[in-house]
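Chemist: I'll drop the sequence and a predicted model, then ask my questions.
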Protein chains: 2
Amino acid sequence: MTARYARIAAELRDAITRGEYAVGAHLPSEAELAVRFAASRGTVRQAVAVLAAEGLVGSRQGARRIVLGRERSQSFAELHSFAQWARATGHRVSGRVLAQRRRGASAAEAARLGIRPDEPVLSVLRLRSLEGEPVLLERTVYAGWIAPAVERLDADCESVTRALYDGVGLVFAYGEHLIDAVAAGTEDSRLLEVRRGSPLLRQRRVTTTHEGRPVEWSDDRYRAGSVTFSIRNSVDANPLVRQVGDLRPSS
Amino acid sequence: MTARYARIAAELRDAITRGEYAVGAHLPSEAELAVRFAASRGTVRQAVAVLAAEGLVGSRQGARRIVLGRERSQSFAELHSFAQWARATGHRVSGRVLAQRRRGASAAEAARLGIRPDEPVLSVLRLRSLEGEPVLLERTVYAGWIAPAVERLDADCESVTRALYDGVGLVFAYGEHLIDAVAAGTEDSRLLEVRRGSPLLRQRRVTTTHEGRPVEWSDDRYRAGSVTFSIRNSVDANPLVRQVGDLRPSS
DNA sequence: TAGGCGAACTTGTTCAAACAAGCTAGGCCC
DNA sequence: GGGCCTAGCTTGTTTGAACAAGTTCGCCTA
């Protein structure tokens, strides 16, 4: 049984998606919604806070809430798992492990994973395709404690996220993502079937468990044009941060 | 006078940044914090909710809250305004308008700005530099109603965001961002001083007022290596969305 | 020693009430 | 007509209380 505020949020979200409340239009006041859903104002406020966090509605003190957009963002699982995302959007997806080996962590990897350098990790190179076209090259480093479970997976396992959840109950709960653009290297260009030096969208990420324990550190490179990231933010909630590039000083 | 929960959040954030609560460590329980700050549990919950939204702490039912990271994310203003961001991070920044003209909106621009095609807009091409190096090329389209205020700005105005706030009280409140990688075109390569076809990080964005009224639609291109975007997310709060290719369902 | 059970603790959900602060529209005055 | 002002509406903040649900850890048993 989901929480009441979650059900109210879902109902309002559906109404927005259906176009019952158009973009730019006002949402009913909290008092009205409280009556309609037979809930207290506090519960209604929690519901609309969910929609605000999703970027669907905006609010400011004194004025009625307004509808900002219609599509809701994907779940964390859909963002984290390429396979689950692709399937949910109706695409044909496949993946293949090209290389996999245990080794000691580099200094940079150890820092990301919260372990000491040279502690054992599992390094995996995975190529993923959309509609038969190679689209994403993943270079992932798994912490040693999860390595055995990863090694048990099939080489062409579709959804690693799903398999690890089903197999050992592992839940990816938090993520930090660094997004930038890089030129395709030799290996990149061969596997993604693009020219050397052509632009790739790079997403580096650390994923951790509920306890904040890092599970994996990954360098994912998308062929230009294949994938776009979208973020909605506001004065009140801004998850997006800009950082000075970590690469070489300008040449 | 800021709200009480905001002050509690600030105090906890400072403690985390100072390292008083290490990454991976537990935060005090809500009950303890309520006593320490002489506030109700509800208020304390609001404070930690702020930190959770910033990605600094994680929480799950039944378990103590844990610290996930130390640096807080930038304010919306710092993300939106290149100049304010650069100054806050201690960099020398400059900007220059290279071209500016009024014209009718294209179909795509009209869709983004919520106006009809051919309605008047102001198109601006702006080059921004960091430490004297050209880093960012902005192609911005302003809605007609704000065009006069933009035209009054100096060609080398540092912070457009700031100038528009001071001048006409305009507040950028909500944004939607699309991030991908593209190859540098002819104009891009000349102005950013890179080879044609070299990778650029592209950020396209629509920014709106409090009322949800679109102000600008912009295509910003960063030289590879100069800037990275960072996003922290969780199962509960996931602002990041992945999309196929360039096309977005136009509403 | 390994496993299971449960008590104490901690966060999640919901309600009701009151006041603060910002916004809007309509009326009033010049 | 234009501008000012206020009454009423709407969202923001805070408190206190109670119960639900999940976690943790020590203790007891096999």
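Modeler: In hand now; what should we look at? Source: prediction; values computed, not measured. Numbers count the residues shown, from 1 in each chain, chains lettered A, B, ... in the order given.
Chemist: C-alpha from now on. contacts and neighbour counts both.
Modeler: Fine.
Chemist: for whichever residue of chain A sits closest to DNA strand C, what are its contacts?
Modeler: Of chain A, the residue with the smallest distance to DNA strand C, taken as C-alpha to the nearest atom of the strand, is residue A:4 at 2.9 Å. Contact criterion C-alpha atoms under 8 Å, 6 or more residues apart in numbering or on different chains gives residue A:43 as the residues in contact with residue A:4.
Chemist: please parse chain A into its domains.
Modeler: Taking automatic domain parsing as the reference, chain A has its domains at A:4-67, A:76-223.
Chemist: can you give me the neighbour number for residue A:37?
Modeler: Neighbourhood size, residue A:37 [other C-alpha atoms under 10 Å in any protein chain shown]: 14.
Chemist: just checking, it touches residue A:7?
Modeler: No: contact between residue A:37 and residue A:7 fails when scored by C-alpha atoms under 8 Å: they sit 9.9 Å apart.
Chemist: quick one: the residue of chain A closest to DNA strand C from residue B:2, how far?
Modeler: Using C-alpha to C-alpha, to the nearest Å, residue A:4 is found at 31 Å from residue B:2.
Chemist: show me what from chain A comes close to DNA strand C.
Modeler: For chain A, the contact set with DNA strand C under C-alpha under 7 Å from any atom of the strand comprises A:3-6, A:38-43, A:60-63.
Chemist: number of residues surrounding the residue in the stretch 151-251 of chain A that DNA strand D sits nearest to?
Modeler: Closest approach of the stretch 151-251 of chain A to DNA strand D (C-alpha to the nearest atom of the strand) occurs at residue A:211, with a separation of 7.0 Å. Using other C-alpha under 10 Å, residue A:211 has 20 neighbouring residues.
Chemist: relative to residue B:241, how far out is it?
Modeler: In this structure, residue A:211 and residue B:241 are separated by 24 Å, where distance is defined by C-alpha to C-alpha.
Chemist: what's whichever residue of the stretch 1-150 of chain A sits closest to chain B sitting at in phi/psi?
Modeler: Residue of the stretch 1-150 of chain A nearest chain B, by C-alpha to the nearest C-alpha: residue A:76 (5.1 Å). For residue A:76, the backbone dihedrals (degrees, to the nearest 10) come out as phi -60, psi -40.
Chemist: residues contacting it?
Modeler: B:233, B:234, B:235, B:236, B:237, B:238.
Chemist: possible to save those as TSV with neighbour count?
Modeler: Putting the contacts of residue A:76 into TSV (neighbours: other C-alpha atoms under 10 Å in any protein chain shown) gives the following:
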residue	neighbour count
B:233	22
B:234	24
B:235	16
B:236	17
B:237	20
B:238	23
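Chemist: now, which of those lie within strands?
Modeler: Taking DSSP state E as the definition of strands, the contacts of residue A:76 contribute B:233, B:234.
Chemist: is it possible to export the contacts of residue A:76 to JSON lines including distance to residue A:223?
Modeler: Listed next are the contacts of residue A:76 as JSON lines, based on distance: C-alpha to C-alpha, whole Å:
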{"residue": "B:233", "distance to residue A:223": "24"}
{"residue": "B:234", "distance to residue A:223": "26"}
{"residue": "B:235", "distance to residue A:223": "27"}
{"residue": "B:236", "distance to residue A:223": "29"}
{"residue": "B:237", "distance to residue A:223": "27"}
{"residue": "B:238", "distance to residue A:223": "24"}
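Chemist: out of the contacts of residue A:76, what pair is the most spread apart?
Modeler: Maximum pairwise distance among these (C-alpha to C-alpha): 8.0 Å, between B:233 and B:236.
Chemist: how about the nearest residue to residue A:234 once chain neighbours are set aside, what does it touch?
Modeler: Distances taken as C-alpha to C-alpha, 6 or more residues apart in numbering or on different chains put residue B:174 closest to residue A:234, at 4.2 Å, once the chain neighbours are dropped. Applying C-alpha under 8 Å, 6+ apart, one finds that residue B:174 lies in contact with A:58, A:232, A:233, A:234, A:235, B:207, B:208, B:209, B:210, B:212.
Chemist: hmm, back to that, just the buried members of the residues of chain A next to DNA strand C?
Modeler: With neighbours counted using 16 or more other C-alpha atoms under 10 Å in any protein chain shown, those contain these buried positions: A:5, A:6, A:41, A:43.
Chemist: quick check: closest non-adjacent residue to the third one.
Modeler: Read that as residue A:41. Computed as C-alpha to C-alpha, 6+ apart, the closest residue to residue A:41 that is not its neighbour in sequence is residue A:34, at 5.5 Å.
Chemist: may I have the phi/psi pair for that neighbour?
Modeler: Dihedral angles phi and psi of residue A:34 (degrees, to the nearest 10) take the values phi -60, psi -40.
Chemist: how about a markdown table for the buried ones among the residues of chain A next to DNA strand C, with distance to residue B:183 added?
Modeler: Compiled in a markdown table, those are given as follows (distance: C-alpha to C-alpha, whole Å):
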| residue | distance to residue B:183 |
| --- | --- |
| A:5 | 45 |
| A:6 | 43 |
| A:41 | 51 |
| A:43 | 48 |
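Chemist: give me the element residue A:21 is part of.
Modeler: Counting by DSSP states H and E, no helix or strand carries residue A:21.
Chemist: tell me if I'm right that it and residue A:13 touch.
Modeler: No: judged on C-alpha under 8 Å, residue A:21 makes no contact with residue A:13 at a distance of 9.5 Å.
Chemist: so which of the two has more stuff around it?
Modeler: When residue A:21 is set against residue A:13 and neighbours are counted by other C-alpha under 10 Å, the residue ahead is residue A:13, at 24 against 19.
Chemist: how about the strands in chain A?
Modeler: A:57-60, A:63-67, A:93-104, A:120-130, A:133-143, A:174-183, A:199-208, A:214-223, A:227-234, A:240-244.
Chemist: do you know the pLDDT at the nearest residue to residue A:160 once chain neighbours are set aside?
Modeler: The shortest distance from residue A:160 to any residue other than its chain neighbours is 7.4 Å, reached at residue A:81 (C-alpha to C-alpha, 6+ apart). Per-residue confidence (pLDDT) for residue A:81: 88.
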